[in-house]
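K.L.:
Provided below for reference: sequence and predicted model.
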Amino acid sequence: MKAIVYTKFGPPEVLQLQEVEKPTPKANEVLIKIYATAVTKEDPDMRASPGFNGFLKPRNPILGQELAGEVEAIGRGVTRFKPGDQVFGIDSFGAYAEYKCMPENGALAIKPANLSYEEAASVPNGALTALPFLRDKGKIQSGQTVLIYGASGSVGAAAVQLAKYYGAEVTGVCSTANLEWVSSLGADRVIDYTQEDFTENGKTYDIIFDTVGKRSFSECKGSLTDKGIYLATVPTPVMMLQALWSAKGGRKKVKFAATGLRPASAKSKDLVFLTELIEAGKIKPVIDRCYPLEQMAEAHRYVEQGHKKGNVVITVGTTDKKQGEKI
C-alpha cells in the first residue's frame, strides 16, 4: 500500500511517498480502507522536531490522526462493525496511508450519511476538542455569552457552531480575512483582532475559549463575568497554578483539559453525537483546502504557516462528494 513515511525529523521534504506492507487486522481490530485524512496543526510539529513522536528518530514513521474510509475486513471477535461500513474517526498515528487497522472499540463511528469522506475526515480533531471543552469544562448553557478566540481554526470553527447549537450568544475573534467566513458559521459578532482588542472594549463574557493559546487568563480576567470561565487548549505552568488557585477560591475559573487523552470510548460516543448534529444540519464540516496524498509536503507547508481556515484535508482515493463511493 502507499503511505507517507518519514524516517528523520526536518522540513516538509522529509515526508516521502513509499510502498509499505498492508496491515492485517488482529483480533478485535478492523482494517479500514482510507479515502481521506487531514493535516492537523500538531502534525508539522511532530514532523519537524523531536518530542512527542520520539527523539533520535520518529517512533511512528507514518503520521496522520483523522481518517474516513470503509471497513474492508474485520478480525476475530469484532461485532461493532462489518465489512462495507463507512466510518470516520481519530487515532494517534497512521492515517497518512491507504490502509490502517484500529481497535473496534477505538475512536471510530459510522460516518454521517450526508458527508463525503473528505468532509467526514475534517470533523474529528476540531470537534472532539471543542465539544468537551464547552460542554464538560465550560458547562455551556443557553443564553450565555461566549467568546471564541481563534474562531477560524479547526477547533475554533467547531466551537462557534457548537456554542450556537447550545444556544449561546457567540463572539468570534479572528483576522481581517476571515471575518465574513466566521460570521457565516453562526457567530453573532466577529472581532478583528488586528483592529480591536476584545479585552479593552468593556464587554464581558460567561465563557472565553482561547483555542490557539494566544491570550492569558490575566489578560482575559477583566472580560469575564463574575462567575465566568476561561478555557485554554494550550496550558502553561502559570495557567495550571491559576487553575488550582481559582478552583479553591476564585469566582472566575481557569479550566483546561487534555482532550486528546480522553478514553477512546468517550471519543467514540461523541463522534456518534456529532454525527446526529451533522445529519440534522446543526453543524457542518469546515474545509480550507484539499490536497492529494502525493502533495503531503505541500499541505504541511501550508498548515505550518498558521493561517488555515478550518481543516486541510488529504484525499487518499477518488470519491463521490456525498456518499463516498469510490468512482
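P.N.:
Here it is on my side, so go on. Residues are numbered from 1 along each chain as shown.

K.L.:
Who are the contact partners of the residue lying closest to residue 262 once chain neighbours are set aside?
P.N.:
Closest residue to residue 262 apart from its sequence neighbours, by CB to CB, 6 or more residues apart in numbering: residue 132 at 6.7 Å. Using the backbone N, CA and C atoms, a C-beta is placed for each residue, glycine as well. Listed by CB atoms under 8 Å, 6 or more residues apart in numbering, the contact partners of residue 132 are 257, 259, 262, 266, 270.

K.L.:
Repeat the analysis, applying 7 Å as the threshold.
P.N.:
Neighbour list for residue 132: 257, 259, 262 [criterion: CB atoms under 7 Å, 6 or more residues apart in numbering].

K.L.:
Repeat that for residue 73.
P.N.:
Taking CB under 7 Å, 6+ apart, one finds 25, 31, 83 in contact with residue 73.

K.L.:
Tell me how many other residues crowd the first one.
P.N.:
One way to gauge burial is a neighbour count; for residue 25, by other CB atoms under 10 Å, it gives 21.

K.L.:
sorry, back to before: quick one: which of the contacts of residue 132 is the most crowded by neighbours?
P.N.:
residue 259 (20 neighbours).

K.L.:
which element follows the helix-or-strand element of the chain with minimal mean pLDDT toward the C-terminus?
P.N.:
Sorting the helices and strands of the chain by mean pLDDT, DSSP states H and E puts helix 237-248 at the bottom, at a mean of 65. Moving toward the C-terminus from helix 237-248, the first helix or strand encountered (DSSP states H and E) is strand 253-256.

K.L.:
in its sheet, what does that next one sit against?
P.N.:
Next to strand 253-256 in the sheet, as set by DSSP bridges, lie strand 224-232 (parallel).

K.L.:
How is the closest residue to residue 266 other than its chain neighbours classified with respect to secondary structure?
P.N.:
Taking CB to CB, 6+ apart, and ignoring the residues beside it in sequence, residue 266 has residue 132 as its nearest neighbour in space, at 7.9 Å. Assigned state for residue 132: helix (three-state reduction, DSSP: H, G, I helix; E, B strand; the rest coil).

K.L.:
Residue 190 too?
P.N.:
strand.

K.L.:
so what's it up against?
P.N.:
Contacts of residue 190 (CB under 7 Å, 6+ apart): 172, 174, 179, 182, 183.

K.L.:
Return the subset of the residues you listed lying in helices.
P.N.:
Those of these mapping onto helices are 179, 182, 183, per DSSP state H.

K.L.:
what about the helices in this structure?
P.N.:
42-48, 117-121, 124-131, 154-165, 179-184, 217-220, 237-248, 264-279, 296-303.

K.L.:
about what we covered before: got CSV for the contacts of residue 73, with pLDDT and distance to residue 69 too?
P.N.:
Putting the contacts of residue 73 into CSV (pLDDT from 0 to 100; distance: CB to CB, whole Å) gives the following:
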residue, pLDDT, distance to residue 69
25, 98, 13
31, 98, 10
83, 98, 12
